[in-house]
Each structure stands twice: as structure tokens, then as C-alpha cells.
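A.B. asks: Need the 3D shape of this:
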Amino acid sequence: MTLIKSKQLTICFAILLMIFCVQIVVGSVFPKEYLIEISAGSAVLNFILCGYLYHSGKNHLTDSSEKIKKAEWIFVFILGASLCIVVTMFLTFLQWIRPEWFIAYNEMIAGLNLKTSFITILYALLIAPVAEETIFRGAIFSESRKGFSFREANGIQALFFGLYHMNLIQGIYAFVIGLAFGLIKERTGRIFAAILAHISFNTTTYLLGILFPGDSMPDARICVILFTFCLILVSVLIRFFLSERNIHHVS
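C.D. replies: Below you'll find the model as predicted:
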């Protein structure tokens with residue numbers, strides 16, 4: 001590993017450590033039953049800190065100055081929603097086969113759903129997407145991109161994004177969607193495109209929770225058809241974003 005790569009990786013680890021420290025400090029202020037308030041508060045603080053790092057390091061100057069077409073914004077939104085459905089259906093199938101793997105995950109989700117308040121909705125649909133994209137596809141991805149290739153830098157920020165969730169199941173699918181959001185950031189040259197995809201993902205998760213509360217799910221055949229359709233849609237859109245002929249590329 002070269003000196004530049006070691007330096008950038010150290011900076012990325014330092015940012016991740018800072019994020020966890022902020023969560024610990026905020027968590028020590030509020031009782032544990034205020035989980036959403038703790039998450040929202042630490043997300044806002046980390047957004048401010050990482051937003052400062054992102055801009056002070058002039059990383060935002062790598063954002064493309066070319067205008068993104070309306071169709072491309074729509075594709076970003078559709079990719080986020082389709083990816084959510086694929087992940088949700090896959091986790092549902094996996095839980096049918098290995099329910100013991102989801103004990104800790106289900107307890108974590110239940111803790112988040114103790115109350116559906118304004119702050120919960122605001123955190124899930126806006127605060128978390130903006131903060132997490134600024135942290136991982138902003139500060140960490142941009143810093144690692146200075147010393148690593150796109151594939152390496154994308155893998156680093158996605159891995160850190162998975163570790164950030166501190167839950168095996170959530171960490172695995174966070175890694176996968178982190179790769180997709182990193183691709184969007186790289187190919188569009190816009191952090192706002194990654195934020196839009198993340199908002200779309202979380203909004204779809206929220207709507208699915210309303211449509212199918214608890215363990216209720218549509219017929220298995222419908223699930224398979226929906227999963228297959230969205231998986232194909234995700235594959236097509238990922239291929240689109242991988243094509244330099246169709247999207248702006250930022251080196």
C-alpha cells in the first residue's frame with residue numbers, strides 16, 4: 001500500500017471513529033428510550049462535522065458542473081425505490097428460511113417502531129439520508145477517492161457504511177446499497193443524486209411498512225414476481241449508470 005493510500009485510509013478511519021464518538025456522547029445525554037432522538041441528534045452533528053470536512057477539503061469541487069437531465073433524476077429515484085423492494089423481499093425470503101438470524105435485527109427494528117412520531121418520520125425520510133450521504137458518499141468516499149481507484153474507494157465507503165449500522169443483517173444490505181449510492185455519486189458527480197436515491201429507498205421502506213404492517217406480506221407468488229421485476233429494473237439501471245455514454249463521469 002502506497003503512502004497516499006495509507007494516509008487517505010487513516011483519514012477515513014478517523015472520520016468513522018469521530019462518527020461513533022459523536023453517537024456515544026449524544027447517547028450519554030439522553031435516556032436509551034429516546035433512541036430516535038439520539039439517532040437524529042447524532043446524525044445532525046455528524047452532518048455538520050462531515051459537511052465541513054467535505055467542503056473545507058474542496059471535495060465538493062469535484063462535483064460535475066454539467067446539468068443532469070430530468071430523466072436521470074427520475075432514474076435515480078426509481079433505482080432507490082426498486083433497490084428497497086429487492087432488499088425487502090430478499091430479507092423476507094431469508095427470514096422464512098433462517099428466522100434465527102433475524103432475532104437481533106427484529107429487536108432493533110421493533111425499538112425504532114415504538115412510536116411513529118413526527119421526529120421518527122423526519123429522521124427516516126430526510127435527516128438520515130442527508131446526513132449519511134454527506135458522511136459516506138461525501139466525506140469518506142471523496143477522501144478515499146484521492147488515493148484509491150473508484151472500485152476501491154466505493155468498497156471502502158460501503159464497508160464503513162455497513163459497519164456504521166452495527167447490526168449484521170442491516171450491515172450487509174447497507175454495504176450493498178452503499179455500493180449503489182457510491183456509483184450514483186461517482187457517475188453523476190452530484191452528492192444530491194445519492195441523497196435522492198437514499199430518500200427514495202427510505203420512503204419506500206416507510207410506505208411498505210404502512211401497506212404491510214407487522215409480518216403481513218402479499219401472496220408468495222406476488223412477492224416472487226415483484227422481486228424479479230424490481231431485480232431486473234435494478235440491473236438495468238445499474239448498467240445505465242455504469243455506462244459512461246449515458247451519464248457524466250467524474251474521474
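A.B. asks: In which helix or strand does Arg221 reside?
C.D. replies: Using DSSP states H and E, Arg221 sits within helix 220-242.
A.B. asks: Apologies, that question was intended for Leu83.
C.D. replies: In this assignment (DSSP H and E), Leu83 forms part of helix 70-97.
A.B. asks: Quick check: pLDDT value at Lys146.
C.D. replies: We have a pLDDT of 89 for Lys146.
A.B. asks: I meant to write Leu207 there.
C.D. replies: 91.
A.B. asks: Please state the offset of the helix or strand bottoming out on mean pLDDT in the chain from the chain centre?
C.D. replies: Least confident helix or strand, the chain: helix 103-112 with a mean of 72, by mean pLDDT, DSSP states H and E. In this view, helix 103-112 has its centroid 19 Å away from the chain centroid, taken as Cα atoms, centre = their mean, to the nearest Å.
A.B. asks: Now do that helix against helix 70-97, angle only.
C.D. replies: Put simply, helix 103-112 runs at 120 degrees to helix 70-97, going by axes from the mean of the first three to the mean of the last three Cα atoms, to 10 degrees.
A.B. asks: Convert the helix or strand just after helix 103-112 to CSV, retaining C-alpha atoms only.
C.D. replies: Once helix 103-112 ends, the next helix or strand along the chain (criterion: DSSP H and E) is helix 118-122. The C-alpha trace of helix 118-122 is given here as CSV (Å, rounded to 0.1, in the frame of the first residue of the first chain):
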residue,chain,number,x,y,z
PHE,A,118,-43.1,13.4,13.5
ILE,A,119,-39.4,13.2,14.6
THR,A,120,-39.3,9.5,13.5
ILE,A,121,-40.7,10.2,10.1
LEU,A,122,-38.4,13.3,9.7
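A.B. asks: nearest residue to Asn154 other than its sequence neighbours?
C.D. replies: Spatial nearest neighbour of Asn154, excluding adjacent residues (Cβ to Cβ, 6 or more residues apart in numbering): Gly182 at 4.0 Å. Just so you know, the C-beta spots here come from the backbone N, C-alpha and C atoms, and that holds for glycine as well.
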